[in-house]
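Colleague: return a 3D structure for these sequence lines:
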Amino acid sequence: MTENGKSIEILGNPNTTRSYMGTRDMAAWVLKALDPELNSDILSIGSSIPVSMIKLAEFIADQSNAEIILMNPFEEADFYVADNSDTCERLRVNETEKWQDLILNYMSVKRNEAS
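Modeller: Numbering: from 1, shown residues only. Coordinates of the predicted model:
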């Protein structure tokens with residue numbers, strides 16, 4: 001552990017990859033998808049920007065001086081990232097929020113709440 005006792009535990013394979021969409025983008029996309037004039041059965045609403053668990057943990061650790069602990073690093077890695085290209089085209093939307101900025105904003109809010 002670090003001197004301040006903070007740690008981030010990754011329970012599975014650190015190369016497992018996901019994507020994260022901000023709430024503003026999500027809300028805007030969902031509202032556009034609810035348009036009754038939209039002729040679309042299936043939409044993929046989610047970020048297409050991949051981030052591995054280790055990259056996410058390293059980013060947070062760099063901001064908070066936390067230690068990263070790998071609990072089961074040899075489990076099989078998993079990959080799921082939305083293919084939203086068709087959805088972006090149909091809804092005329094783009095991803096506007098970066099996951100890094102969302103984390104920094106969240107951490108800032110939490111620090112302000114604590115002080």
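Colleague: how about residues contacting the longest helix seen in the chain?
Modeller: With secondary structure taken from DSSP state H, the chain has its longest helix at helix 99-114. Contacting residues not belonging to helix 99-114 are listed as 19-20, 22, 47, 49, 51, 56, 59-60, 63-64 [CB atoms under 8 Å, 6 or more residues apart in numbering]. Backbone N, C-alpha and C define where each C-beta goes, glycine included.
Colleague: got a list of what the spatially closest residue to Ala33 that is not a sequence neighbour touches?
Modeller: Distances taken as CB to CB, 6 or more residues apart in numbering place Leu43 nearest to Ala33, at 5.4 Å, with adjacent residues excluded. When contacts are counted by CB under 8 Å, 6+ apart, Leu43 touches 33, 86-87, 90-91.
Colleague: same question for the longest helix of the chain, mean pLDDT?
Modeller: Taken as a whole, helix 99-114 has a mean pLDDT of 93.
Colleague: CA atoms of it as CSV?
Modeller: The C-alpha trace of helix 99-114 is given here as CSV (Å, rounded to 0.1, in the frame of the first residue of the first chain):
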residue,chain,number,x,y,z
TRP,A,99,-13.1,9.3,-20.1
GLN,A,100,-10.0,11.0,-18.7
ASP,A,101,-11.8,14.3,-18.4
LEU,A,102,-14.8,12.6,-16.7
ILE,A,103,-12.5,11.0,-14.1
LEU,A,104,-10.7,14.3,-13.4
ASN,A,105,-14.0,16.1,-13.0
TYR,A,106,-15.4,13.4,-10.7
MET,A,107,-12.2,13.5,-8.6
SER,A,108,-12.4,17.3,-8.4
VAL,A,109,-16.0,17.2,-7.2
LYS,A,110,-15.1,14.6,-4.5
ARG,A,111,-12.2,16.7,-3.3
ASN,A,112,-14.4,19.8,-3.0
GLU,A,113,-17.0,17.8,-1.1
ALA,A,114,-14.4,16.6,1.3
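Colleague: Lys83: what's it in contact with?
Modeller: For residue 83 the amino acid is Asp, not Lys. Neighbouring residues of Asp83 by CB under 8 Å, 6+ apart: 44, 48.
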